[in-house]
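Novice: Show me the folded form of this:
(4 chains)
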Number of protein chains: 2
Amino acid sequence: MLDNIYKENAKVFKAFSDENRLMILELLRNGEKCACVILEDLNIVQSTLSYHMEILCESGIVCGRKEGKWTHYSLSEKGCKYAKNLLTDLTTVSN
Amino acid sequence: MLDNIYKENAKVFKAFSDENRLMILELLRNGEKCACVILEDLNIVQSTLSYHMEILCESGIVCGRKEGKWTHYSLSEKGCKYAKNLLTDLTTVSN
DNA sequence: AACATATATCGAAAATATTAGATATGAGGT
DNA sequence: ACCTCATATCTAATATTTTCGATATATGTT
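Specialist: Residues are numbered from 1 along each chain as shown, chains lettered A, B, ... in the order given. Reported below is the predicted structural model:
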């Protein structure tokens, strides 16, 4: 499945293209947060949050850390940098 | 419709989250291109291209310029900068 | 072992996005 | 005025994403 680099890159931006996920990212800007805390701030049920966290983690921009019953999420510096570089590449006029 | 800034921002990234649109952006990195030229390089029909160009223009990252029968598209420096700043904001840990 | 809590996964419904064909519009050319 | 070409718009079909409720899993507590 190395077929399509465009599809791969599109996936990174898909992570940013949902309003609930943008709200989640905003919460994570203030540091690591437990899923249960994120859930309180959003108007979605638990399984839906889990779905969004999966997408954010899959895309690499968020990291999950399990600790006992809880999962703590935080922005991945590496993943965020990757996304930023990608966006810069895509929008820089070549010469 | 000032209701949701998150939805607005998500729209910007949606423009980047389709493989055909990423291919189009790559073509535009080499400078302004006529729709008919873009069409030759992609495996989609004309109406589908028109749909994608609409999304790219709506999001502000691409500009269209009509000249006679043709429409020429190019990256919008302003729109691209906006997207980059937005991504940086979203992924910067606050202190 | 039984229970409670936090989160993940599954399955189906609802919402949204993408696609292509048909048709419309608008600019030139004859 | 008619024709052709480039692009946009409309409509309907299909594909993908998002959502929720139900259930599963895994951890800690009594």
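Novice: tell me the contacts of A:N4?
Specialist: Contact analysis of A:N4 by Cβ atoms under 8 Å, 6 or more residues apart in numbering or on different chains lists B:E19. C-beta: built from backbone N, CA, C; applies to glycine.
Novice: show me what contacts the residue nearest to the spatial centre of chain A?
Specialist: Taking Cα atoms, centre = their mean, the centroid of chain A lies closest to A:L56, which sits 2.8 Å from it. If a contact means Cβ under 8 Å, 6+ apart, then A:L56 has A:A15, A:R21, A:I24, A:L25, A:V62, A:Y73 as its contacts.
Novice: could you dump those residues to TSV with secondary structure, distance to chain B and neighbour count?
Specialist: What follows is the contacts of A:L56, written out as TSV (DSSP: H, G, I helix; E, B strand; the rest coil; distance: Cβ to the nearest Cβ, whole Å; neighbours: other Cβ atoms under 10 Å in any protein chain shown):
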residue	secondary structure	distance to chain B	neighbour count
A:A15	coil	8	23
A:R21	helix	8	23
A:I24	helix	10	24
A:L25	helix	5	21
A:V62	strand	10	24
A:Y73	strand	13	21
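Novice: Can you give me the distance of the residue nearest to the centre of chain A to A:S50?
Specialist: From A:L56 across to A:S50, the span is 11 Å (Cβ to Cβ, to the nearest Å).
Novice: got it, and A:M23?
Specialist: Remark: distance between A:M23 and A:S50 (Cβ to Cβ) = 15 Å.
Novice: These two: who's more crowded?
Specialist: A:M23 (18 against 13; other Cβ atoms under 10 Å in any protein chain shown).
Novice: For the spatially closest residue to the residue nearest to the centre of chain A that is not a sequence neighbour, give its distance to A:K78.
Specialist: Take A:L56 and drop its neighbours on the chain: the residue closest to it by Cβ to Cβ, 6 or more residues apart in numbering or on different chains is A:V62, 3.9 Å away. Going from A:V62 to A:K78 by Cβ to Cβ gives 11 Å.
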